[in-house]
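Undergrad: Sequence and predicted model, in that order:
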Amino acid sequence: SQIKNKMKQFLIVFLFLCSCKTSNLVEMPDDSILSQDVKKKFESYDGGFLDAIFKRKTKVAILLPLTGKYSDIGNDLLSAAHLSLYKNDPKKRIELVIFDSKGTEFGTRKAVRDIVSRGIKIIIGPLFSTATESAIDIVSKKDVILLSLSNNDNLTNKKNVFIAGVAIDQQIERLIEYSIDKGISSFSILAPNNSYGLKVANSLRETSTRKGAYFISSSFYNDKKQISNSVAKVVNSYSISQNAYEDLSEEDKVKSLAEIPISNEDKIYSDSILVADSGDNLDLILKLIEENNVDKREIQILGLKEWDKASTIYNANAKGSWISSSNPEVYKQYEYLYYDNFQKIPNRVTSVVYDMVWAVANLAYKNSDIELEDFILNKSGFEGVDGTFRFLDNGIVQRNFAILSVGDDNFKVIDSESRYFLEY
């Protein structure tokens, strides 16, 4: 009949329009009015088929500490998730379902059980490694994918789990590779005496020695009072060349370096010092390095992603330092977008949840029933705020970092991120 023909023509046009690809940068109108209009026209024709078109979404659980001690950062992360959904899912292929971990392991486990009972197959969160550990045994027994926001790589190689936080080892690998390429051959570190500081120091030691460089010294401090001694130790520590060591007597070889008569030519001081801290401590450490370097040796200061903030730019002592991080222009666009919508500067970690929502939305365009393999098989990765990233089958979320130099009033990219990923 004429009515059926018109309905078929309209449906064909509609399906064609749905299949058209749209750039993530293009603002899309709300299609809910169109959806209701089309539903009315076809209500008596094939309601079940149209429901499949309009309602078939990928449900994604967002698991964050929305109440309790960490509610401020939890709600900032939730804002980033909503922002990513708005910008990166114009066709509304995914639906975010919000769950509160309350910032506790018990709250996390309770929420994960609720998520599983509702048949949701993808979880973005939780934020902390302890909460992630408490959820692993549940998701590993179910067909549920967990995109943890932690960067604790001790949680890799767990069934159905990806560790999406920005990994320390990857930042250090990139930084050392670049430094060695620029002629730096010896490394030291100053770090707070906590699990983070120890992790960074171990990674620097392992990576530098593996790449044939010298690891000279590490020093840790508990508070500002201990920083001065730590800086003096690192700046004045040295090793000796292999040739000089072989020339020592057997008696001297068992002595400490301070007890052995060594010429200045045979002493190997640090070409570079990695400072695993930020804020006021960073400012103090950089001043003390300058004061303790009485011989005015050339020392390259290195930093990690935690330096990637406005306070570093305006720190005169940080000028010329190198850090491994994402392209600052991309992050600046994200920062402006976030501020424009929520009237506050985003916490640096919010970009991780933004990128995870974007990745899931990207996969949902191809298939609403996303499987674990869909993440892994995307070998070319995803373009994110924190650089290009991809999911590896061991649970690592691998990122490509740029090398930035701290300028007078900005971060300057001195070595762009690679388009290709290192093979693990």
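TA: All right, it came through fine. Numbering: from 1, shown residues only.
Undergrad: Check what pLDDT the residue lying closest to Lys199 once chain neighbours are set aside gets.
TA: In this structure, Lys199 finds its nearest non-sequential neighbour in Ile168, 5.8 Å apart by Cβ to Cβ, 6 or more residues apart in numbering. The C-beta positions use only the backbone N, C-alpha and C, and glycine is treated the same way. Here, the pLDDT recorded for Ile168 equals 94.
Undergrad: Could you count how many residues lie near Ile168?
TA: Using other Cβ atoms under 10 Å, the number of residues around Ile168 comes to 20.
Undergrad: next one: Arg205
TA: Number of residues near Arg205 (other Cβ under 10 Å) recorded here: 16.
Undergrad: start at 785 instead
TA: Noted, 785 is the first residue going forward, which turns the last one into Arg989.
Undergrad: give the contact list for it.
TA: Phe999, Ser1002 (Cβ atoms under 8 Å, 6 or more residues apart in numbering).
Undergrad: and if you look at Thr1172?
TA: Gly1165, Phe1166, Arg1183, Asn1184, Glu1201, Arg1203, Phe1205.
Undergrad: Quickly note the distance from the fourth one to Leu1161.
TA: What that stands for is Asn1184. Taken as Cβ to Cβ, to the nearest Å, the spacing of Asn1184 relative to Leu1161 amounts to 19 Å.
Undergrad: Between those two, which has more neighbouring residues?
TA: Asn1184 (20 against 12).
Undergrad: Excluding sequence neighbours, find me the nearest residue to the more buried one.
TA: Nearest residue to Asn1184, sequence neighbours excluded (Cβ to Cβ, 6+ apart): Glu1201, at 4.1 Å.
Undergrad: So that neighbour is in contact with Pro1112, correct?
TA: No - contact criterion Cβ atoms under 8 Å: Glu1201 and Pro1112 do not qualify, at 11.6 Å.
Undergrad: what about the closest residue to Lys943 other than its chain neighbours, how many residues close to it?
TA: The shortest distance from Lys943 to any residue other than its chain neighbours is 4.1 Å, reached at Ser924 (Cβ to Cβ, 6+ apart). Neighbour count for Ser924, taken as other Cβ under 10 Å: 13.
Undergrad: which parts of the helix or strand hosting Ser924 are buried?
TA: Ser924 belongs to helix 913-925 when assigned by DSSP states H and E. For helix 913-925, a neighbour-count test (16 or more other Cβ atoms under 10 Å) marks Ser913, Ala915, Thr916, Glu917, Ser918, Ala919, Ile920, Ile922, Val923 as buried.
Undergrad: Which strands or helices does it pack on?
TA: helix 889-901, strand 929-932, strand 945-947 (3 or more Cβ pairs under 8 Å, 6 or more residues apart in numbering; DSSP states H and E).
Undergrad: pull the CA atoms of it into CSV?
TA: Extracted C-alpha coordinates of helix 913-925, given in CSV (Å, rounded to 0.1, in the frame of the first residue of the first chain):
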residue,chain,number,x,y,z
SER,A,913,44.4,0.4,43.8
THR,A,914,43.1,-1.0,47.1
ALA,A,915,39.5,-0.6,45.8
THR,A,916,40.5,-2.2,42.5
GLU,A,917,42.0,-5.2,44.4
SER,A,918,38.8,-5.7,46.2
ALA,A,919,36.9,-5.9,42.9
ILE,A,920,39.2,-8.2,41.0
ASP,A,921,38.0,-11.5,42.3
ILE,A,922,34.4,-10.6,41.5
VAL,A,923,34.9,-9.4,37.9
SER,A,924,37.3,-12.2,37.1
LYS,A,925,34.6,-14.8,37.8
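Undergrad: Since that was my last question, I'll sign off now.
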